[in-house]
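Participant: this one's structure only:
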Ligand SMILES: CCCCCCCCCCCCC/C=C/C(=O)SCCNC(=O)CCNC(=O)[C@H](O)C(C)(C)COP(=O)(O)OP(=O)(O)OC[C@H]1O[C@@H](n2cnc3c(N)ncnc32)[C@H](O)[C@@H]1OP(=O)(O)O
């Protein structure tokens with residue numbers, strides 16, 4: 001019976017929760033990998049490795065020095081996720097990093113500094129787009145966080161269904177935007193609230209707190225802290241447990257939980273872009289970003 005259910009589940013719902021939630025899903029004309037037992041695709045910033053026999057895809061960020069989310073990263077991630085979303089052999093996705101000590105440094109500050117208004121608009125739409133794909137994915141998403149994970153890096157982890165963080169006190173995680181003099185947008189905030197609850201999110205976002213693994217576990221920002229060399233294997237073991245649940249039941253449940261947050265973003269998407277462009281192009285905000293970048297460089301020297 002369990003096997004039958006699993007088989008039925010494999011061929012059931014396809015497409016992201018955006019379509020499961022009653023909105024027309026987008027169709028992408030993408031060629032697909034083939035029918036080998038392992039399918040890999042590597043672009044410059046992201047490597048996707050789907051093991052057809054296990055149904056697990058590992059998406060590795062490989063944009064040194066810090067996996068910052070610039071236009072290339074955003075585009076490559078979006079294409080990789082679209083392909084996986086359409087692939088019935090893929091049941092779960094693990095996000096992790098190939099860059100030592102950093103999961104992702106978040107949005108590329110250079111895409112928010114000294115650029116045109118058109119660039120800011122395109123950039124922000126791409127950031128929204130990636131979040132929508134991650135947050136609304138019908139697949140099981142697990143973050144295997146093997147390094148520092150500030151701001152947009154934390155957002156990618158928050159968009160997953162389960163988070164495993166390496167036990168290294170240097171690997172801090174959190175929405176630190178306020179410390180840069182910028183503001184976590186409402187959908188970053190919603191993702192945090194949905195994970196840790198209102199009171200903790202309220203304090204966390206205002207102070208821009210970066211949490212150590214022990215503290216992140218305590219507040220529920222991550223679900224497990226494991227030795228660094230066990231992060232990926234633990235994510236794979238955990239995925240097998242999620243696979244015990246029939247896909248259709250899990251997907252509908254996920255959609256039910258996430259739809260209000262996704263709908264809020266879709267309803268406010270254009271206003272959010274306007275707010276971002278207006279905010280980021282202010283002289284005072286540009287100055288804050290300039291000082292922050294200088295501070296990062298000074299820290300090195
Ligand atoms: C009506 C309502 C109005 C409201 C409107 C709201 C609108 C919205 C406002 C804007 C919202 C923006 C949301 C932003 C989200 C973000 O993600 S911002 C990015 C935040 N990220 C960070 O703060 C991380 C900064 N980096 C670090 O802390 C460290 O680099 C690290 C990740 C911990 C790694 O440390 P280490 O290994 O020591 O590397 P470094 O030496 O520090 O860095 C190496 C080089 O990389 C550069 N770099 C680092 N981070 C970034 C980055 N995010 N973008 C671009 N570049 C980055 C760093 O400067 C070094 O460069 P070089 O010196 O040239 O080598």
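Facilitator: Yes, it's here. The structure displayed is predicted, hence computed values, not measured ones.

Participant: does residue 39 touch residue 53 like I think?
Facilitator: No. Using CB atoms under 8 Å, residue 39 is not in contact with residue 53, being 11.2 Å away. For glycine as for every other residue, the C-beta is placed from the backbone atoms N, C-alpha and C.

Participant: next, the residue in the chain positioned nearest to the ligand: phi, psi?
Facilitator: Across the chain, no residue is closer to the ligand than residue 106, which sits at 2.6 Å (CB to the nearest ligand atom). Note on residue 106: its backbone torsions stand at phi 90, psi -160 [degrees, to the nearest 10].

Participant: for it, list the residues it contacts.
Facilitator: Residues in contact with residue 106 (CB atoms under 8 Å, 6 or more residues apart in numbering) are 68, 69, 150, 151, 152, 153, 154, 155.

Participant: mind doing that once more with 10 Å?
Facilitator: 66-69, 148-156, 175-177, 180 (CB atoms under 10 Å, 6 or more residues apart in numbering).

Participant: pull up the residues of the stretch 201-301 of the chain that are close to the ligand.
Facilitator: Neighbours of the ligand within the stretch 201-301 of the chain, by CB under 6 Å from any ligand atom: 275, 276, 279, 280, 293, 296, 297, 300.

Participant: neighbour count: residue 39 and residue 53, which is higher?
Facilitator: Set side by side, residue 39 and residue 53 show more neighbours around residue 39, with 20 against 8, by other CB atoms under 10 Å.

Participant: so that one makes contact with residue 83?
Facilitator: Yes. The pair residue 39 / residue 83 is scored as a contact, 9.2 Å apart, by CB atoms under 10 Å.

Participant: now the spatially most central residue of the chain: phi and psi?
Facilitator: Centroid-nearest residue in the chain, with CA atoms, centre = their mean: residue 156, separated by 2.0 Å. As for residue 156, its main-chain torsions (degrees, to the nearest 10) stand at phi -60, psi -40.

Participant: ditto for residue 175
Facilitator: phi -100, psi 100.

Participant: circling back: the residue nearest to the centre of the chain and residue 77 touch, don't they?
Facilitator: Yes. At 8.6 Å, residue 156 counts as touching residue 77 under the criterion of CB under 10 Å.

Participant: hey, what's in contact with both of these two?
Facilitator: Listed contacts common to residue 156 and residue 77 are 59, 61, 69, 95, 130, 134; contacts here mean CB under 10 Å, 6+ apart.

Participant: what's near enough to touch the second one?
Facilitator: Pointing back at residue 61 there. Contacts of residue 61 (CB under 10 Å, 6+ apart): 45-47, 67-69, 73, 76-77, 95-99, 102-104, 147, 153, 156.

Participant: these in strands, which ones?
Facilitator: 46, 47, 95, 96, 97, 102, 147 (DSSP state E).

Participant: and those near the ligand, which?
Facilitator: Contacts with the ligand within the ones in strands among the contacts of residue 61, counted by CB under 6 Å from any ligand atom: residue 102.

Participant: specify which member of the ones in strands among the contacts of residue 61 is nearest to residue 246.
Facilitator: residue 95 (23.6 Å; CB to CB).

Participant: now for the closest one, how many residues are close by?
Facilitator: Neighbours around residue 95, by other CB under 10 Å: 26.

Participant: pretty sure it sits against residue 158.
Facilitator: No. The criterion here is CB under 10 Å, and residue 95 misses it with residue 158 at 11.3 Å.

Participant: identify the contacts common to the two.
Facilitator: 134, 143.

Participant: and residue 277, how far from residue 228?
Facilitator: Here residue 277 is placed at a distance of 39 Å from residue 228 (CB to CB, to the nearest Å).
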